[in-house]
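A.B. asks: generate coordinates for the sequence data below:
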Amino acid sequence: MTELTCIVCPIGCRLRVARELDGLKVTGNECRRGEEYAKDEVTAPKRIVTAVVKVDEGERMLPVKTAQAIPKEIIFLAMEEIKEIIVAPPVTSGQVIKENLAGTGVALVATKHCK
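C.D. replies: Model prediction:
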């Protein structure tokens, strides 16, 4: 049995995931999202990645994040790509900075304006 704390909402349910003949059984969740989170976390964990990229013209940094969660095992590869990125202003919040980050099919987007 695996025990997790759900991070989907502020409640922070204590989840228990058991493998059974017909699949995974999740208990302790107060909503369906907790059940989905627990199953994903046990079978194929994913995370939203937040980071900063360099801004051309100085020492400023621009906060960025992945548009969707990416597999945990690819995070270090994604971070290697992110640290090589230099953006030129202006950049708007939500603007795609890099398509298909680390071959995941997920975009890296700006989370703040930069003039």
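A.B. asks: give me the residue at the spatial middle of the protein.
C.D. replies: Taking Cα atoms, centre = their mean, the centroid of the chain lies closest to Ile48, which sits 0.9 Å from it.
A.B. asks: show the subsequent helix or strand relative to the longest helix along the chain.
C.D. replies: Assignment by DSSP state H gives helix 32-43 as the longest helix of the chain. Remark: after helix 32-43, the chain's next helix or strand is strand 46-47, criterion DSSP states H and E.
A.B. asks: list the pairing partners of whichever helix or strand comes after that next one within its sheet, with orientation.
C.D. replies: Sequence-wise, the next helix or strand beyond strand 46-47 is strand 50-55, with elements assigned using DSSP H and E. Using DSSP bridges, the strands paired with strand 50-55 are strand 61-66 (antiparallel), strand 86-87 (parallel).
A.B. asks: of all the ones you listed, which one is nearest Lys39?
C.D. replies: strand 61-66 (20.8 Å; Cβ to Cβ). Glycine gets a C-beta too; all of them are placed from N, C-alpha and C.
A.B. asks: which residues are contacting the following helix or strand past that closest one?
C.D. replies: Toward the C-terminus, strand 61-66 is succeeded by strand 70-71 as the next helix or strand (DSSP H and E). Here strand 70-71 makes contact (Cβ atoms under 8 Å, 6 or more residues apart in numbering) with Ala44, Pro45, Lys46, Arg47, Ile48, Val49, Ala78, Leu101, Ala102, Thr104, Val106.
A.B. asks: ramachandran coordinates for the second one?
C.D. replies: Right, Pro45. Dihedral angles of Pro45 (phi, psi; degrees, to the nearest 10) stand at phi -60, psi 140.
A.B. asks: look up how far Cys31 lies from the nearest residue to Pro90 once chain neighbours are set aside.
C.D. replies: Nearest non-adjacent residue to Pro90, counting by Cβ to Cβ, 6 or more residues apart in numbering: Lys115, 5.3 Å away. Taking Cβ to Cβ, to the nearest Å as the measure, Lys115 falls 41 Å from Cys31.
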